[in-house]
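Enquirer: Need a 3D model of the sequence below.
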Amino acid sequence: MGKRSNILAKVAGLLSIGLLISSLSGCMQGNAATDIEYTFVTVDGIIPPSDNTIKLVNSVFYKNFIGGDWRFKGSTRVNDTINAYIQIPQQLEMSQSAQENYLKMAICPSVQNTQLWNEIKESKLAVHIYTHKRKYSTFVLCVSPTKV
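Expert: Model (predicted):
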């Protein structure tokens, strides 16, 4: 019985350490997710989109891809371009130019989405579709109604 209680004590100690590490990890991740906004200026003097702009783009696309097989996988910021990524289950059976036209007409945010376009301002919005890897995506730059 002495060996068994010793083993149980060691297991309990390891579980306690594991719980402590996971809770500390959660604290650090929680701190990383705070709403700190940074302003970056590139070499060309272009100010990239803000964190709030990225959040707005994400919310607009998430709402559009709640149901169905296409999944919005988030957006990233590269210089003055916001890249929105949509994963599709299989390649579209249409030419490259037809896919690009489809993305521009059906997937890019419409003119009526004035809040989004006003927030994007001088930045660019690129919509990407891909099946397995983002680097093999088909993409278009959406035309901003504020720049027409």
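Enquirer: For this protein, give me the ranges with low pLDDT.
Expert: 1-44, 148 (pLDDT under 70).
Enquirer: Strands along that one, start to end?
Expert: All strands of the chain, identified by DSSP state E, fall at 71-78, 81-87, 124-130, 138-141.
Enquirer: Relative to L103, which of those strands is closest?
Expert: Evaluated over the strands of the chain, closeness to L103 peaks at strand 138-141, with 4.5 Å, by Cβ to Cβ. Bear in mind the C-beta positions are built from the backbone N, C-alpha and C, glycine included.
Enquirer: Other residues contacting that closest one?
Expert: 81, 83, 96, 99-100, 103-104, 108, 124-130 (Cβ atoms under 8 Å, 6 or more residues apart in numbering).
Enquirer: I'd like the strands of the chain laid out as JSON lines, including mean neighbour count.
Expert: Shown next, in JSON lines, are the strands of the chain (neighbours: other Cβ atoms under 10 Å):
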{"stretch": "strand 71-78", "mean neighbour count": "16"}
{"stretch": "strand 81-87", "mean neighbour count": "20"}
{"stretch": "strand 124-130", "mean neighbour count": "20"}
{"stretch": "strand 138-141", "mean neighbour count": "17"}
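Enquirer: a markdown table for the ones you listed, including distance to P49?
Expert: Formatted as a markdown table, the strands of the chain follow (distance: least, Cβ to Cβ, whole Å):
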| stretch | distance to P49 |
| --- | --- |
| strand 71-78 | 6 |
| strand 81-87 | 5 |
| strand 124-130 | 9 |
| strand 138-141 | 14 |
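Enquirer: What residue spans form the domains of the protein?
Expert: 1-34, 51-147 (automatic domain parsing).
Enquirer: Can you tell me which of those is packed in deepest?
Expert: Comparing the domains of the chain by mean neighbour count (mean count of other Cβ atoms under 10 Å), domain 51-147 ranks first with a mean of 15.
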